[in-house]
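In: Got a sequence here, can you model it:
(one chain, ligands or ions: 1)
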Amino acid sequence: MLEIGLTGGIGSGKSTVALLLVQQGAELVDADALVHELQAPGAPVFLAMVERWGPRIVGGDGTLDRGAVADIVFSDSDELRALNGIVHPAVSAEMTRRREALAATDATVILEIPLLVESGHEGLHGVVVVDVDPEVAVERLMAGRGFEEQDAHDRIGSQASRGERLALADVVIDNNGSLSDLSDEVDRCWTWIESLPRPPLDREIRPIGGRAGRG
Ligand code: ADP
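Out: Below is the predicted model of the structure:
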């Protein structure tokens with residue numbers, strides 16, 4: 001198994017790139033998707049969160065009320081630390097389980113990790129960063145994902161900076177152009193991935209980054 005980290009700011013095009021890499025033959029482990037699975041009603045992270053904050057974080061339909069959680073942690077660093085302390089170790093453990101299931105194969109695994117700057121990237125064989133001008137990201141978040149302009153700016157502003165992400169990159173995918181340009185960039189990236197030496201199959205699988213459990 002060859003493991004490549006994929007990151008980028010919100011609206012940079014990570015998910016779009018991940019799909020294109022899957023079309024090339026990669027396996028995808030998506031940290032955000034794991035968070036959603038673990039926060040489904042009755043799942044372990046959901047239960048731990050309800051134990052801490054009570055029924056006020058559960059909506060009328062029984063699913064997690066993400067807005068209510070955001071309100072609790074938004075301006076209270078202790079509550080945010082508590083949330084991270086519940087979510088990050090669980091996601092890290094689940095991610096390790098998924099990786100272990102692929103470990104003895106010769107799969108190319110893309111680990112889509114939005115917070116790779118924060119979690120650390122130790123243990124990966126390479127890091128791909130999707131880069132876009134923040135103004136372009138704002139426009140795309142408004143056009144494609146229904147964001148309000150201020151909300152898009154706020155979300156981008158709360159994340160690691162463009163420079164911090166680029167400093168991790170082995171390959172930068174420029175997504176300022178069209179979807180067809182992006183597809184060319186992903187082809188170039190895949191050629192680089194395929195040129196990498198394949199690691200031994202009996203390698204020990206350790207959690208990525210080693211900082212994922214920090215509060
Ligand atoms: P991320 O996963 O990094 O948050 P997405 O892949 O969801 O970003 O992309 C954000 C939005 O921009 C989506 O609606 C996506 O369809 C759109 N998008 C991504 N790349 C391009 C592009 N090159 N041209 C136009 N729209 C794009």
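In: gap between the two ends of stretch 118-127?
Out: With C-alpha to C-alpha, to the nearest Å as the measure, stretch 118-127 spans 14 Å from end to end.
In: Kindly export stretch 175-188 (C-alpha atoms) in CSV.
Out: The C-alpha coordinates for stretch 175-188 follow below in CSV (Å, rounded to 0.1, in the frame of the first residue of the first chain):
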residue,chain,number,x,y,z
ASN,A,175,-7.2,24.5,-9.3
ASN,A,176,-7.6,28.1,-10.4
GLY,A,177,-8.6,27.0,-13.9
SER,A,178,-11.4,25.0,-15.5
LEU,A,179,-12.5,21.5,-14.6
SER,A,180,-10.7,20.3,-17.7
ASP,A,181,-7.5,22.1,-16.5
LEU,A,182,-8.0,20.3,-13.2
SER,A,183,-8.2,17.0,-14.9
ASP,A,184,-4.8,17.6,-16.6
GLU,A,185,-3.3,18.6,-13.2
VAL,A,186,-4.6,15.3,-11.7
ASP,A,187,-3.2,13.3,-14.6
ARG,A,188,0.2,15.0,-13.9
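In: is the ligand contacted by it?
Out: Yes. On the criterion C-beta under 6 Å from any ligand atom, stretch 175-188 is in touch with the ligand at 175, 178-179, 182. C-beta here means a position set from N, CA and C on the backbone, and glycine is covered the same way.
In: Buried only: go through those residues for me.
Out: Using 16 or more other C-beta atoms under 10 Å as the burial test, the residues of stretch 175-188 next to the ligand include 175, 182 as buried.
In: Filter the residues of stretch 175-188 next to the ligand down to just the ones in helices.
Out: In helices, judged by DSSP state H, the following of the residues of stretch 175-188 next to the ligand are found: 179, 182.
In: okay if I get the residues of stretch 175-188 next to the ligand as a markdown table plus pLDDT?
Out: A markdown table is the format used below for the residues of stretch 175-188 next to the ligand (pLDDT from 0 to 100):
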| residue | pLDDT |
| --- | --- |
| N175 | 98 |
| S178 | 98 |
| L179 | 97 |
| L182 | 98 |
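In: hmm, the helix or strand of the chain with the lowest mean pLDDT touching the ligand?
Out: Lowest by mean pLDDT, DSSP states H and E among the helices and strands of the chain is helix 116-119, with a mean of 91. No. Using C-beta under 6 Å from any ligand atom, helix 116-119 never reaches the ligand; the gap is at least 12.0 Å.
In: Could you list the buried residues of that helix?
Out: Buried positions in helix 116-119, judged by neighbour count with 16+ other C-beta under 10 Å: 116-119.
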